[in-house]
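Enquirer: What follows is a protein structure lacking sequence information:
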């Protein structure tokens, strides 16, 4: 089962600036070979369910290893069985309709 | 790694009333033996990471088997390494402070 | 327009235990007279759109006043125009179907 | 109070393909003059709290006007009082640290 996920990890109980933890997660995600896209409030990830959630788990484990005692993340996750749809397809579908109307 | 999750599954492309799909997920979750608590906009689930996410995956698979072509879920997920904290602990902690002030 | 919301506020850059901020939000919400229900990973709120979002804004303002420099919240929000549905209706609908099958 | 929001609207009870509703929301958001950025699982929006949430409300109202009986959206929302931070700042902060290490 393929899944498109939008993942946002929030370290709790540390300093206000949390980008170093997000950077570490970006590194983990890029090592997985999964297709990902960073945005201003999370990261889109596309792939097989087990691969994607193994990557999410690895991010939590690694951020805890960096000394963060508490993490509160949010995930949006979409699956569909009618057809394959990539992250690019989703954005293109909206952009094309925006231009032609 | 223990996790407390708040899971909300939204079937897309079917009728407006989606409770039969939520009921099926509740059944799946109860069969896992994981501690769960239904609320008006999702279900809290507490347990080992792999068990919890296997249950979430099983819900997506089952709702697709019921004929739903597209699902868009959201998950909040909390992990902490400083101490074990149950769902009951979280609620009790807030309720006690509310009463004593 | 009525809305049912599920609101979870996460203070960032403070101590690991954040219950005192959640308690303050619960107080603010109870003062509004809106119907609310605390659960282990957020609070359900039911009411008119403007009232509900004014309450959410007041929570952010108040938690900042308490000295928290950064907040990252999540909200699920449901609206429907086919009929009025309360938080209790949603839970009852699932519970009844669970028992009769 | 400035806010950075990540907004994802999910129409319920309609066809599987929902891009025409997302397109309409993108139009509404672009008319507001708020800074926005579409991604594969939502749209980032940056601006004053009241302006941003008025836009979100307008999206719900408009999608209902288009005939959708039920909507289930999710919002991430971040506020901070230590300094102004734009969506671009957030992404740049992560990208720079990724490159220099």
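Expert: Right, received. Where do you want to start? These numbers were taken from a predicted model, which means no experiment stands behind them.

Enquirer: In chain A, where's the longest helix?
Expert: In chain A, assigned by DSSP state H, the helix with the most residues is helix A:49-65.

Enquirer: Tell me the helices and strands packed up against that helix.
Expert: strand A:2-12, helix A:19-32, strand A:42-48, strand A:70-80, helix B:49-65, strand B:70-80 (3 or more C-beta pairs under 8 Å, 6 or more residues apart in numbering or on different chains; DSSP states H and E). Placement of C-beta: from N, CA and C, glycine included.

Enquirer: need the residues of chain A near chain B, please.
Expert: Residues of chain A lying close to chain B by C-beta under 8 Å from any C-beta of the partner chain are A:1, A:49, A:53, A:57, A:60-61, A:64, A:69-82.

Enquirer: Could you rerun that using 6 Å?
Expert: Within chain A, the positions near chain B by C-beta under 6 Å from any C-beta of the partner chain are A:49, A:53, A:57, A:60, A:64, A:69-82.

Enquirer: Now list the buried members of those.
Expert: Listed as buried from the residues of chain A next to chain B are A:49, A:53, A:57, A:60, A:64, A:69-81; burial here means 16 or more other C-beta atoms under 10 Å in any protein chain shown.

Enquirer: So which bits of chain A are right by chain D?
Expert: Counting by C-beta under 6 Å from any C-beta, chain A sits next to chain D at A:6, A:16, A:19, A:22-23, A:26, A:39-41, A:44, A:76, A:82, A:87, A:90-91, A:93-94, A:97-98.

Enquirer: What separation do you get for residue A:15 and residue D:2?
Expert: 20 Å (C-beta to C-beta, to the nearest Å).

Enquirer: neighbouring contacts of stretch A:77-91?
Expert: By C-beta atoms under 6 Å, 6 or more residues apart in numbering or on different chains, the residues outside stretch A:77-91 that reach it are A:1, A:3-5, A:44, A:46, B:60, B:64, B:69-73, D:16, D:40.

Enquirer: do that again at 7 Å, thanks
Expert: For stretch A:77-91, the external contacting residues (C-beta atoms under 7 Å, 6 or more residues apart in numbering or on different chains) are A:1-5, A:35, A:37, A:44, A:46, B:60, B:64, B:69-73, B:75, D:16, D:38, D:40-41.

Enquirer: ok, now stretch A:39-46?
Expert: Applying C-beta under 7 Å, 6+ apart, the contact partners of stretch A:39-46 are A:4-8, A:29, A:34-37, A:52, A:55, A:86-87, D:4, D:6, D:37, D:39-41, D:44, D:76, D:78, D:87, D:90-91.

Enquirer: Just the buried residues of those residues.
Expert: Among the contacts of stretch A:39-46, the ones that count as buried by 16+ other C-beta under 10 Å are A:4-8, A:29, A:34, A:36-37, A:52, A:55, A:87, D:4, D:6, D:37, D:39-41, D:44, D:76, D:78, D:87, D:90-91.

Enquirer: for chain A, what are the low-confidence residue spans?
Expert: Counting by pLDDT under 70, chain A has low-confidence residues at A:101.

Enquirer: Run the chain-centre distance for stretch A:93-100.
Expert: The chain centre lies 24 Å from the centre of stretch A:93-100; the measure is C-alpha atoms, centre = their mean, to the nearest Å.

Enquirer: Now do the buried residues in that stretch.
Expert: Of the residues in stretch A:93-100, A:93, A:94, A:97, A:98 count as buried by neighbour count, 16+ other C-beta under 10 Å.

Enquirer: Any chance of those residues in TSV with secondary structure as columns?
Expert: Formatted as TSV, the buried residues of stretch A:93-100 follow (DSSP: H, G, I helix; E, B strand; the rest coil):
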residue	secondary structure
A:93	helix
A:94	helix
A:97	helix
A:98	helix
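
Enquirer: out of those residues, who's near chain C?
Expert: Among the buried residues of stretch A:93-100, not one lies near chain C by C-beta under 7 Å from any C-beta of the partner chain.

Enquirer: wait, which of these is closest to chain B?
Expert: residue A:93 (13.5 Å; C-beta to the nearest C-beta).

Enquirer: pretty sure the closest one contacts residue D:18?
Expert: No: in this structure, residue A:93 is not within contact of residue D:18 by C-beta atoms under 7 Å, at 9.7 Å.

Enquirer: Residue A:68: neighbour count?
Expert: 23 (other C-beta atoms under 10 Å in any protein chain shown).

Enquirer: To which secondary structure element type does it belong?
Expert: Put simply, residue A:68 is coil when judged by three-state DSSP.

Enquirer: again, but for residue A:82
Expert: What three-state DSSP gives for residue A:82 is coil.

Enquirer: Can you pull the phi/psi pair for it?
Expert: Main-chain torsions, residue A:82, degrees, to the nearest 10: phi -80, psi -30.

Enquirer: partner residues bridging the nearest residue to residue A:8 once chain neighbours are set aside?
Expert: Closest residue to residue A:8 apart from its sequence neighbours, by C-beta to C-beta, 6 or more residues apart in numbering or on different chains: residue A:42 at 3.6 Å. Note on residue A:42: beta-bridge partners by DSSP bridges are residue A:39.

Enquirer: circling back: contact partners of the longest helix of chain A?
Expert: With C-beta under 7 Å, 6+ apart, helix A:49-65 has contacts from A:1, A:3, A:5, A:7, A:9, A:11, A:21, A:24-25, A:28-29, A:32, A:34, A:45, A:71, A:75, B:1, B:49, B:53, B:57, B:79, B:81.

Enquirer: Any idea how far it is from the middle of the chain?
Expert: On the basis of C-alpha atoms, centre = their mean, helix A:49-65 sits 10 Å off its chain's mean C-alpha point.

Enquirer: Tell me what angle it forms with helix A:19-32.
Expert: 150 degrees (axes from the mean of the first three to the mean of the last three C-alpha atoms, to 10 degrees).

Enquirer: Also compute the angle for helix A:49-65 relative to strand B:2-12, please.
Expert: If you take the same axes, to 10 degrees, helix A:49-65 sits at 140 degrees to strand B:2-12.
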